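From the sequence below, what's the structure:
(2 chains)
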Amino acid sequence: MANVIGKSIVIDGEISGDEDLVVQGTVKGRIMLKESLLVESSGTVEADIQTQNVEISGAVTGDIQATSKVEIKADGRVVGNIKAPRILIADGAKFKGNVDMDR
Amino acid sequence: MADTNTIVGQTILIKGNLQGDEDLTVQGRIEGSVHLSKTLIVEPTGVVKAEVSVCNAVISGIMVGNVNATESVELTESGRMIGDIRAPRVIITEGARFKGQVDMGDVAASARESAARPQAVKPARFEPPRKASAPTARPTPVAAKPVPVRAEPKVEARIEKKELDDEEAASKKKVVVRKRR
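All right, here's what the predicted structure looks like:
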């Protein structure tokens, strides 16, 4: 486990980096990563996201821009616009927003 | 809880406010403020430029800003810090670099407490710390007999750098300071 934002952690601001990030807690603001973002079921993200991959099992409010893939899992909830070449929305997931798969 | 210890990795930069109820290990950078009810660990690669209020802090990396701890602050041998420390227990290891103020709270009160408990076994033992912490407030400190000590005026407990030079006094308060210039 490289980068974990634990359950009780609340970050209000900006996160940037070159490695994977797992969010179990709350992040508000902005996330910019060169690798993957994983929002676990306990995680809440109220932020604009720019990454390569995003995998969402928790709640995300904000615009998501991924260079590779965005995946909303069955227990994921997303409100916002998604722009990525590959977008996967699993059965059971909740999503409200625009999808843009243009390359 | 230990398995969900939050780690901020080496390439990660967090700008803003961070708060939480678990241990936080910083290998990357945090700028802003950090409020934790547990322990902040700044690893050798970690850089924290923030106002920090935690229970415990262990600094092996770079810390710029004031640290308020309810229990302890430890600067390890690779730790470098600029800022003020406020904590009842402050540990500065040999090799650490630090610039700032240390405030260990009411030093006189804790000395009084420990003096009163063993019924003043060796009253003189508690003399040097008091002298070190309050040279102006009490020019001629009387030996720490439990009863008269209680009437002592509240003493300014801030430990200035020069006072920490009194190593004997400092070590009695579990502070070890080795200065490197």
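
Neighbours of residue 30, how many?
Using chain A here. Residues near residue A:30, counting by other Cβ atoms under 10 Å in any protein chain shown, number 16. To be clear about C-beta, it is placed using only N, CA and C from the backbone, and glycine gets the same treatment.

Switch to chain B, please.
29.

need the contact list for it.
By Cβ atoms under 8 Å, 6 or more residues apart in numbering or on different chains, the residues touching residue B:30 are B:8, B:13-14, B:18, B:46-50.

can we see that at 6 Å?
B:14, B:48, B:50 (Cβ atoms under 6 Å, 6 or more residues apart in numbering or on different chains).

what bridges to it?
Going by DSSP bridges, residue B:30 is paired in beta bridges with residue B:14, residue B:48.

where's it relative to residue B:106, distance?
31 Å (Cβ to Cβ, to the nearest Å).

so what's the residue of chain A found nearest chain B up against?
Nearest to chain B, among the residues of chain A, is residue A:13, at 1.2 Å (Cβ to the nearest Cβ). Counting by Cβ under 6 Å, 6+ apart, residue A:13 touches A:29, B:15-17, B:32.

Now, those that are in strands?
Among the contacts of residue A:13, the ones falling in strands (DSSP state E) are A:29, B:15-17, B:32.

which one of the residues you listed sits closest to residue A:92?
residue A:29 (28.1 Å; Cβ to Cβ).

near chain B, which residues of chain A?
A:2-19, A:29 (Cβ under 6 Å from any Cβ of the partner chain).

pLDDT below threshold where in chain B?
Applying pLDDT under 70 to chain B flags residues B:1-4, B:108-181.

Contacts for the biggest strand by length in chain A, please.
Ranked by residue count under DSSP E, the longest strand found in chain A is strand A:44-56. The contact list for strand A:44-56, computed with Cβ under 6 Å, 6+ apart, reads A:23, A:26-33, A:35-39, A:58-72, A:76, A:78.

Buried members of those residues into PyMOL, please.
In PyMOL syntax, the buried subset of the contacts of strand A:44-56 is picked out as below (16 or more other Cβ atoms under 10 Å in any protein chain shown):
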select buried, chain A and resi 23+26+27+28+29+30+31+32+33+35+36+37+38+39+58+59+60+61+62+63+64+65+66+69+70+71+72+76+78
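
Residue 28: what's it in contact with?
You didn't say which chain, so I picked chain A. With Cβ under 6 Å, 6+ apart, residue A:28 has these contacts: A:12, A:46-47.

you looked at the wrong chain, it should be chain B
With Cβ under 6 Å, 6+ apart, residue B:28 has these contacts: B:8-10, B:12.

Could you list the buried residues of stretch A:13-25?
A:13-17, A:20-25.

Serialize those to CSV and add fields for secondary structure and pLDDT.
Output for the buried residues of stretch A:13-25, formatted as CSV (DSSP: H, G, I helix; E, B strand; the rest coil; pLDDT from 0 to 100):
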residue, secondary structure, pLDDT
A:13, strand, 94
A:14, strand, 94
A:15, strand, 94
A:16, strand, 94
A:17, strand, 93
A:20, coil, 93
A:21, strand, 94
A:22, strand, 94
A:23, strand, 95
A:24, coil, 95
A:25, coil, 94
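
Could you save these as JSON lines and add columns showing distance to residue B:63?
Below are these laid out as JSON lines (distance: Cβ to Cβ, whole Å):
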{"residue": "A:13", "distance to residue B:63": "18"}
{"residue": "A:14", "distance to residue B:63": "20"}
{"residue": "A:15", "distance to residue B:63": "20"}
{"residue": "A:16", "distance to residue B:63": "20"}
{"residue": "A:17", "distance to residue B:63": "20"}
{"residue": "A:20", "distance to residue B:63": "26"}
{"residue": "A:21", "distance to residue B:63": "23"}
{"residue": "A:22", "distance to residue B:63": "25"}
{"residue": "A:23", "distance to residue B:63": "25"}
{"residue": "A:24", "distance to residue B:63": "25"}
{"residue": "A:25", "distance to residue B:63": "23"}
